[in-house]
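Trainee: this one's sequence-less:
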């Protein structure tokens with residue numbers, strides 16, 4: 001019986017159309033990491049420089065990732081990561097900003 005072979009990997013979940021999207025998936029991964037760093041470090045007000053810069057970078061990578069995304073799964077992860085980056089960025093700016101309160 002012939003069956004379809006599907007690769008089992010973390011990024012294979014994002015390729016719901018069966019095609020490989022290495023550039024799009026890399027933007028998803030980078031935005032997810034930056035969003036996680038931004039939202040976790042926003043808990044500590046002394047890390048406002050790291051929070052605001054990673055949040056800003058996550059906003060830019062997430063926006064471009066949304067622009068070039070190919071599947072709905074990629075867009076779903078990008079929206080969550082973009083939201084986490086934005087919340088981290090806003091809290092980082094509220095605690096001292098991008099330049100350390102200059």
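Mentor: Right, received. Where do you want to start? All figures in this text were calculated on a predicted structure; none of them were measured in a lab.

Trainee: Which helix or which strand is home to the most centrally placed residue in the chain?
Mentor: With distances taken as Cα atoms, centre = their mean, the chain has residue 31 as the residue nearest its mean C-alpha position (2.0 Å). When elements are assigned from DSSP states H and E, residue 31 belongs to helix 22-41.

Trainee: residue contacts, the residue nearest to residue 61 when sequence neighbours are not counted?
Mentor: Once flanking residues are discounted, residue 61 sits nearest to residue 31: 4.7 Å by Cβ to Cβ, 6 or more residues apart in numbering. (C-beta placed from N, C-alpha, C; glycine too.) Applying Cβ atoms under 8 Å, 6 or more residues apart in numbering, we find residue 31 in contact with 58, 61-62, 65, 77-78, 81-82, 85.

Trainee: what about 6 Å?
Mentor: By Cβ atoms under 6 Å, 6 or more residues apart in numbering, residue 31 lies in contact with 58, 61-62, 65, 78, 81.

Trainee: Any chance of these in TSV with pLDDT as columns?
Mentor: What follows is those, written out as TSV (pLDDT from 0 to 100):
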residue	pLDDT
58	98
61	98
62	97
65	96
78	97
81	97
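
Trainee: In helices, which of these appear?
Mentor: Those of the contacts of residue 31 mapping onto helices are 58, 61-62, 65, 78, 81, per DSSP state H.
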